[in-house]
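J.: Predicted model, plus sequence, below.
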Amino acid sequence: MKVKALSRSTTEFTRETKSDIQKLPRNIDPELHPLERAREYKRALNAAKVERMFAKPFLAGLSGHIDGIYSMAKNPWDLDNIITGSGDGELRMWSLTAQETIWRAPEAHRGIVKGVCNVPGNESDRFLSVGTDKTVKVWSRSESAVAADGTTPETVATYNGKHAFSGIDHHRHRPIFATSSSLVEVWDVERSEPVANLTWGADTINTVAMNQAEVNVLASCGTDRSIILYDLRTSSPLAKLVMALSTNAISWNPMEPFVFATANEDHNVYTFDMRRMDHATNVLRDHVSAVMDVDYSPTGQELVSGSYDRTVRLWNASSGHSRDIYHAKRMQRVFCVKYTLDNKYVVSGSDDSNLRLWRARASERVGIKSNRERATIEYAEKLKDRFKYVPEVRKVLRQRNVPTMIKKASQTKQVMLQSRKRKEENQRKHDKHDTKPRVPERRKAILGVTTK
Amino acid sequence: MFSAAKAAQSQALEPKDSNKNNNSRHSRETDDTENDSSDGERPPRTLREVKTNKIGKKDKKRKQKEEKPEYDAELLKQAQKYHRGGQAIGTKKRDKKVRSKKHAAELEHQQRRNEDAAIAAARNEMLLTEDAGFLEAEGMERTYKFTQKQISENVDVSSSAKIFDLKLNEFGPYALQYSSNGRHLLIGGRRGHLATVDWRNGQLGCELHVRETVRDVSWLHNQSLFAVAQKKHAFIYDHTGAEVHCLKAHVEPTALGFLPFHFLLVSTGMTGKVVFQDITEGSVVGEHRPGFGPSHQLRVNPYNAVVHVGHGNGTVTLWSPKQGQPLARILCHKGPVQAMAIDRSGTYMATSGLDGRVKIWDIRKFEPLHEYKTQRPAQSLDISQRGLLAAGWGPHVSVWKDALATHMQKPYMTQLLPGVALDSVRFVPYDDVLGCGHSQGISSMVIPGAGEPNFDAYVANPYQTTKQRQESEVKSLLDKLAPETVSLDPNFIGRLDPRSRDQIIHDTLEDVRGEYQRGKQTGKYLDSNVRNKTKGRNSTAKRYQRKRQANVTDLKGLREMEHADREKRQQLNKPEAIPQTEKGALGMFYTDKRNQQN
C-alpha cells in the first residue's frame, strides 16, 4: 500500500514571532473563487461610489484682488508660483502651497491687465504684463520689491505701444515676446520698438500664443473669427483659419507641437492639427456658454476649460465630452484657467475676484501611499474601467449635480440642437438635388482655411 | 523549504529555456548567413535595393513568427483552466462582424492579453507548495479493501490522529457540517444536542441542548455564527452558544443552506416552501412554493449559488431567490430524493433516491450521465473538493474516485461502521478527511486525495487568526452580492445584451402584459383586493375610488406602451417607399421587388 494523506504542519503556515508578517498562501485556481464576475462587479460599483464620495475637488479660494481676474500665467520654472492680473490693473503673485499673495503691484496698469507671462530661465524671476493702457511692463520680485507703504513697486522696464494690448506671450528661450493688439507685434527685449509687425486682415486680435515646443510658430486669434499662424523666422503668416464664431483663447499641446486647442464663442473647445486645419481633430462639447480659456495639461492628454457659464470643465483631449465639471456657489464667469505643471491641480480665475485652486482628479489624494494602498487604488481603477459600460456603474461615475442654471441651459440647448438637426433632415428629405450635404461635426464650425 | 523547492523547480526548468534560446539564436544566425550570402553575390546598387535587402517582407514575417514564444502542450492544457476568453488558447479566430480594423486589433490585443494571463497563471502553479494525497494498491491489493485501521498504521501521526469516533449515542442521529476552512465542526443531534468543535485540536467551542428536535445545522459566513433547523423555526446561535435570533419565516425547517457571497440563509421544510433570508438585515428576500409537499433535501451549488431542492416525488428543483418559478425542474428518481451533492465546478450533481440508485447528472445540460447502485438507498451524499463522491447507506460508507465524469466499476474506498445508521457524510474542505454523522455519534475517517491541497488564504484559511477573521468579515460584507446575481450562468453580469433596443422594449412589454393578465386572473384588480383603511376612510365610495385608481394607472401605462410598440412594429413591417428617382423613366414598368418580399 502506498498512501499519503494531507497533513500540514502548523509552523509552516503561521508566523514564528509576532514581528513576522502573516503567511498568506495564494491559489488562483478559478474553482476556488466562484462568482468572480459578480464579485468584481460589486467591487467596481463600490469603487465607483467611493470615488464619488471622495470627490472633493475644491481646495482653496484665494482672495485679494478687488476686481475680477482676467489674466493668469504659470511659471514653468516654479511649480508653486502663479501670477494674476485683475480688472483694476493690479498684479499679484501667489504661492499655491502657502495659499497667499507673495508679491503685488496695486496699480500696475491703468485699466485692465490683459495678459501676463513669465520670462524664461531659472535665474530670472522677471515677468511681463500688458494692459489696455498701451504699455508692456517688466516686473521682478527681487529687483522691484514692494514698498513699505504698499504702493506699486518700480517696473524694471516699460515698453510703449501704439494700441491697447490684449495679450502677451514669451518665446521659449530667446529674449523675444509677442503682443497682440490690433496687430501682432514681436518685440526684442533690448529694443523699445517692436521688431516685427504681423498682420493678416484682422481688426482686433484677442490673444496670442507662442508654441513652446516648435518655438518658431505662434498663433493668434482675432475678432474677425480668424485664427492665424505665423512663422517667426520669416516674420510672415503661415495659415489662416476662419471659424463660425470667434475664438477666445489658444493653447498649444506641450507634447505634440503641431496640435493646439481653441476656446470658442460657440460653447465648444476645438483641437486642431496645425498641418491640416480643414477639420478639427476633436470637438469638445459640454459648456453651455462661451468658453473663455483653455489649457493643456503638461502631458498633453487632458484639457481644462473655463467658461462664461461659471463652470470649469476637465476633458480627456481625445473624447468629446467632459470628464468632470467644477462649479462653486460664488464663482462667477471664469476668464482664465491653468493646469498646473505637476498635472495635479487646476487654477481658475473668475469675475468674482477670487483665484480658485482645484484638484485635477477630484477624488485623488496627495501624499505617499503604501504599496497596499497603491495596489488597491490600481485595482479599483482597473475595475472601474472594466465595468464602466454597465448601467449602474456608469451612472455613478457620470452623474454630476450641476447648478440648475447649467442643467436647464443644457436641456434647452439639447432641444435646440435636435430641432435644428430635425429641420435639416426634413429639408433634406424634400430636397431633390441634395443641396444640403451632411457636414461632419468637425467641419461644421470651420468656414475656410488659407495657407500662404 | 518553500524557497528551496521553488529554486529546485526553477533550476529544473532552466535547461528547457536555455534550449529555446539556443534554438532561436541558432535560427537567427542561419538567417544572417543567408542574408550574407545573398549580399555576397552582388553589392546593392540603389537605395531601394539596400532597403529591400535589409528587411524583406518575407523576413519580416518570419521574424514576427519567431518572436512569438511557443509553449509546450502541457502548459497550454494547464492554462486552459485559467483562461477567461471562452475560446481555446491559441485559436486565432477573427470575428467577421467586426468590420473596423481598429476594433479588430483591439479585440485581438485583448485576447492575447487574456491568453498571456492564463499562461502566467498556469506557470504560477509551480509555486504551490503541497501535493494532493493518494492511495495506491500494490499487487493483489485493492484500495476498497483497505480499512481505516490499515490506513492509520501507514500514514503519519498527525493524519492518523484524524481517525476518531465520538460516541454520542443518546441524542443521535447527528447532522454535521464543517466550516468553509475546514477547521471547525458543527454537530446537531436529532434530539437537541448541539456542539461546535475545533476538531483537529480537540477543543470544544460551545455545547448546548435545545430540548427540541434538531433537523439540520449550518455554519453562516464564518465560525462565529451558526444556524439550526429546529422543530418549529430556524435559530441562529453565536460561538458561545447563545441564541441570537429566532427566524420565524422558516416554518418547520428540515434542511438549511447558506449562500456565503450573498449572505442568504435558505431553508426548506415541512411546508414545502423555499425561504431565502438575508442574515445581514433580516429581510426575507424570497419565498417560493415548489408545490411538491414537504421536502427534506437542500444543497447550494457552489459555482453559481443556485439552490437545489429535492422533493418527495423524485424531482429536483433549482431556485434563485428573486425568481418565483424554478430555474429548472429535473425528474431524477422514481421515488423520493434521498440525498444530493454538487461538485465545486458546478458541472456535476449526484442524487440518490429511494430506488437505491445514485445518479450523476450533468447540470449544465440537465442530463443523467451514469448511475451507481447501493444495496440500500444512500442516505447522504457528498462530493469532495477534488471530486470524490461519498455515499452513506445503512452502516456503510462508499467513496468513488473519478466517478463523476466517468463510470467506475469499483469504489475507491469503503468502510463499515458496525451497528450504526448513517445520517450525513461530509468531506472536510482542504483536508483528506470524511466526517460521518450517525446514530451513535460522529466518526471521522481519512480518505486520501479528497481535499484541495493548496488553500488560498484570502478565500478560506485554516490557520486564520481572529484579526484576519474580522478583516475578512468586513471585506466580504462590502462585497456582498445582490440576490439577483444568482442565476444558472454566473457570468452574465457585464455581458452585452445582444437584443436590439426595440426588442428589449417589446420583451419588457410582454412581461408587463403577462403580469397584468395574471393579476387579472388572480383577482388582483378586484374590489376584494383593495385594502381596508382606518375607520372613516373606508366608505364604499372611497374604496371604489381606490380601486379605480389602481386600475386606471396600470391600464393607462400599459395602453400607452402597447400603442408605442404597435406603432414601432407597424413601421418595421411597412414596405419602404421607392423614390421616384430610382424608378426613372420606366417607372410604370417598375416591379417593386422590395414590396414583393414583404
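T.: Noted; the coordinates are in hand.

J.: Return the residues in contact with the residue of the stretch 401-550 of chain B found nearest chain A.
T.: Closest contact between the stretch 401-550 of chain B and chain A, by CB to the nearest CB, is at B:Ala457 (3.8 Å). From N, CA and C alone the C-beta is placed, and that goes for glycine too. By CB atoms under 8 Å, 6 or more residues apart in numbering or on different chains, the residues touching B:Ala457 are A:Lys23, A:Leu24, A:Pro25, A:Arg26, B:Gln464, B:Gln468.

J.: same question, A:Asn253
T.: Contacts of A:Asn253 by CB under 8 Å, 6+ apart are A:Val259, A:Phe260, A:Ala261, A:Thr271, A:Tyr296, A:Gly300, A:Ala317.

J.: okay, now the third one: neighbour count?
T.: Same thing as A:Ala261. Applying other CB atoms under 10 Å in any protein chain shown, we find 27 other residues in the vicinity of A:Ala261.

J.: Please report how far it lies from B:His193.
T.: 77 Å (CB to CB, to the nearest Å).

J.: go on, the fourth one?
T.: Here A:Thr271 is placed at a distance of 76 Å from B:His193 (CB to CB).

J.: Same check on A:Leu357?
T.: In terms of CB to CB, A:Leu357 sits 68 Å off from B:His193.

J.: Between A:Thr271 and B:His193, point out the one with more neighbours.
T.: A:Thr271 (23 against 20).

J.: Quick one: list the elements packing against the biggest helix by length in chain A.
T.: Counting residues, the longest helix found in chain A (DSSP state H) is helix A:404-429. With contacts taken as 3 or more CB pairs under 8 Å, 6 or more residues apart in numbering or on different chains; DSSP states H and E, helix A:404-429 sits against no other helix or strand.

J.: gap between the spatially closest residue to A:Lys452 that is not a sequence neighbour and chain B?
T.: Closest residue to A:Lys452 apart from its sequence neighbours, by CB to CB, 6 or more residues apart in numbering or on different chains: A:Pro237 at 5.6 Å. To chain B, A:Pro237 is 36 Å away according to CB to the nearest CB, to the nearest Å.

J.: Can you name the residues of the stretch 151-300 of chain B sitting close to chain A?
T.: Counting by CB under 8 Å from any CB of the partner chain, the stretch 151-300 of chain B comes close to chain A at B:Ile151, B:Asn154, B:Val155, B:Asp156, B:Ser158, B:Ser159, B:Lys162, B:Phe261.

J.: how about those residues in JSON lines, adding secondary structure and pLDDT?
T.: Putting those into JSON lines (DSSP: H, G, I helix; E, B strand; the rest coil; pLDDT from 0 to 100) gives the following:
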{"residue": "B:Ile151", "secondary structure": "helix", "pLDDT": "94"}
{"residue": "B:Asn154", "secondary structure": "helix", "pLDDT": "93"}
{"residue": "B:Val155", "secondary structure": "coil", "pLDDT": "93"}
{"residue": "B:Asp156", "secondary structure": "coil", "pLDDT": "92"}
{"residue": "B:Ser158", "secondary structure": "helix", "pLDDT": "92"}
{"residue": "B:Ser159", "secondary structure": "helix", "pLDDT": "93"}
{"residue": "B:Lys162", "secondary structure": "coil", "pLDDT": "94"}
{"residue": "B:Phe261", "secondary structure": "coil", "pLDDT": "96"}
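
J.: how about the residues of chain A near chain B?
T.: So chain A meets chain B at A:1-10, A:12-14, A:22-35, A:37-39, A:41-43, A:46, A:386-387, A:389-390, A:432 (CB under 8 Å from any CB).

J.: Just the buried ones among those, please.
T.: A:3-8, A:13, A:25, A:27-29, A:32, A:34-35, A:37-39, A:41-43, A:46, A:387, A:390 (16 or more other CB atoms under 10 Å in any protein chain shown).

J.: Show me what A:Val269 is bridged to.
T.: A:Ala263, A:Leu284 (DSSP bridges).

J.: Could you tell me how many residues sit around it?
T.: The burial count for A:Val269: 27, using other CB under 10 Å.

J.: Check A:Leu91 too.
T.: 26.

J.: likewise A:Gly61?
T.: Look at A:Gly61: counted by other CB under 10 Å, it has 16 neighbours.

J.: Buried residues of stretch B:269-282, list them for me.
T.: B:Gly269, B:Thr271, B:Gly272, B:Lys273, B:Val274, B:Val275, B:Phe276, B:Gln277, B:Asp278, B:Ile279.

J.: Name the member of those with the shortest distance to B:Pro498.
T.: Comparing the buried residues of stretch B:269-282 against B:Pro498 with CB to CB places B:Phe276 closest, at 30.0 Å.

J.: Show me how far the helix or strand encompassing that closest one is from its chain's centre.
T.: If you go by DSSP states H and E, B:Phe276 is part of strand B:274-278. From the chain centre to the centre of strand B:274-278 is a distance of 19 Å (CA atoms, centre = their mean, to the nearest Å).

J.: what's the next secondary structure element after it?
T.: strand B:284-288.

J.: outside of that next one, which residues touch it?
T.: Here strand B:284-288 makes contact (CB under 8 Å, 6+ apart) with B:249, B:264, B:273-278, B:319-324, B:326, B:483.

J.: distance of B:Trp319 from B:Leu259?
T.: 11 Å.

J.: and A:Ile377, what element?
T.: Under the criterion of DSSP H and E, A:Ile377 resides in helix A:371-386.

J.: swap that for A:Val402, please
T.: Following DSSP H and E, there is no helix or strand that holds A:Val402.

J.: With A:Asn197 instead?
T.: strand A:194-198.

J.: C-alpha coordinates for the next helix or strand after that strand, PDB please?
T.: Downstream of strand A:194-198, the next assigned helix or strand under DSSP H and E is strand A:205-210. Below are the C-alpha coordinates for strand A:205-210, written out as PDB (Å, rounded to 0.1, in the frame of the first residue of the first chain):
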ATOM      1  CA  ILE A 205      -6.500  90.400 -32.100                       C
ATOM      2  CA  ASN A 206      -7.900  88.600 -29.000                       C
ATOM      3  CA  THR A 207      -4.800  86.800 -27.900                       C
ATOM      4  CA  VAL A 208      -1.500  85.400 -28.900                       C
ATOM      5  CA  ALA A 209       0.100  82.100 -28.000                       C
ATOM      6  CA  MET A 210       3.700  81.100 -28.800                       C
END
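
J.: Touching strand A:205-210 from outside, list them.
T.: Contacts for strand A:205-210 (CB under 8 Å, 6+ apart): A:115, A:166-172, A:178-184, A:217-223, A:246-252, A:260.
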